[in-house]
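Undergrad: I need the structure of the sequence given here:
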Amino acid sequence: MFPVELLNLFFITRQPRDEAEEKVPKYDKSVYKRGDLLAVHRILFTHFGIYLGDNRVAHLIPDILPAVSKNQDAIKRAVTNSRLILGVVAKVASVRVDSLEDFAYGAPIIVNLLDKACSCPPFSSEEVARRAEKLLGSITYSLLWHNCEHYAMYCRYGTLASFQTNQFCETFRKTLFSSRSALLVALLGLGTLLYLGSVSPITTLPTLLLPFTLWMAS
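TA: Modelled structure (predicted):
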């Protein structure tokens, strides 16, 4: 069987949720207004969406299924973890509309989490929702540079930004350009030279230059 057909069979026959047996909590829909920015915390990240009213949330989510299947009934089901992970790897996503329950995936919902953090004032509620609806459909995905937070920030504040991306890059920079990293690279380089048993400009220069650069940048 062709790999695409195997993928279709796998995703179409699976339950809408990987945890289909779990009870889905009920959300008080009167709390949310059209144009609100909704956020739910996951283990490693926070997922964002825009509330459209009538129990509908527009959100950007990685999803491999539209790239391998034309079965609209299957595509409309809640995105499972398997579909999401493969979508991240393949860099394909959709801006889609789901219910509050499918968007939140069992987590508590936080309303307008970024209003105080963002320097730009939010648009009117109707404008936010209109911008969110205008972008529905398939879209290219990037874990750091074009994710659900970028989408939500653009809809509500008109700026393509992600505090999560900024925090990750800052943490990565501090980890990479640290004295500990410089020492580790120097030790690895020295160990490589001793293992090869030969010293030449081709091997010695990078061994000295890389830890020196990291040390000066720390």
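
Undergrad: now residue 149. Nearest residue, chain neighbours left out?
TA: Excluding its sequence neighbours, the residue lying closest to residue 149 (C-beta to C-beta, 6 or more residues apart in numbering) is residue 162, at 4.2 Å. Every C-beta, even on glycine, is put in place using the N, C-alpha and C of the backbone.

Undergrad: let me see the contact set for the one you found.
TA: 144, 147, 149, 150, 153 (C-beta atoms under 8 Å, 6 or more residues apart in numbering).

Undergrad: which of those fall within helices?
TA: In this view, those that belong to helices under DSSP state H are 149, 150, 153.

Undergrad: is the nearest residue to the last one once chain neighbours are set aside in a helix, a strand, or coil?
TA: Ranked by C-beta to C-beta, 6+ apart and with sequence neighbours excluded, the top spatial neighbour of residue 153 is residue 161, at 5.1 Å. For residue 161, the assignment made with DSSP: H, G, I helix; E, B strand; the rest coil gives coil.

Undergrad: these two touch, right, residue 161 and residue 152?
TA: No: counting by C-beta atoms under 8 Å, residue 161 sits too far from residue 152 to count as a contact (10.2 Å).

Undergrad: before we move on, the earlier item: in ChimeraX, select just the buried ones from the contacts of residue 162.
TA: Only the buried entries of these go into this ChimeraX selection, using 16 or more other C-beta atoms under 10 Å:
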select :147,149,150,153
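
Undergrad: and for stretch 82-95, what's in contact with it?
TA: 10-11, 14, 18, 58-67, 79, 132, 135-143, 151.

Undergrad: what's the helix or strand residue 101 falls within packed up against?
TA: Assessed by DSSP states H and E, residue 101 sits inside helix 100-104. Identification of packing neighbours for helix 100-104 by 3 or more C-beta pairs under 8 Å, 6 or more residues apart in numbering; DSSP states H and E yields strand 37-41, strand 46-53, strand 56-62.

Undergrad: just for this protein, where's the confidence low?
TA: 1-25, 172-173, 176-179, 181-182, 185-186, 189-218 (pLDDT under 70).

Undergrad: domain-wise, how is it divided?
TA: Structural domains annotated on the chain: 3-161, 177-217, as defined by automatic domain parsing.

Undergrad: list phi and psi for the residue lying closest to residue 63 once chain neighbours are set aside.
TA: Spatial nearest neighbour of residue 63, chain neighbours left out: residue 87 (4.5 Å); criterion: C-beta to C-beta, 6+ apart. Main-chain dihedrals, residue 87, degrees, to the nearest 10: phi -70, psi -40.
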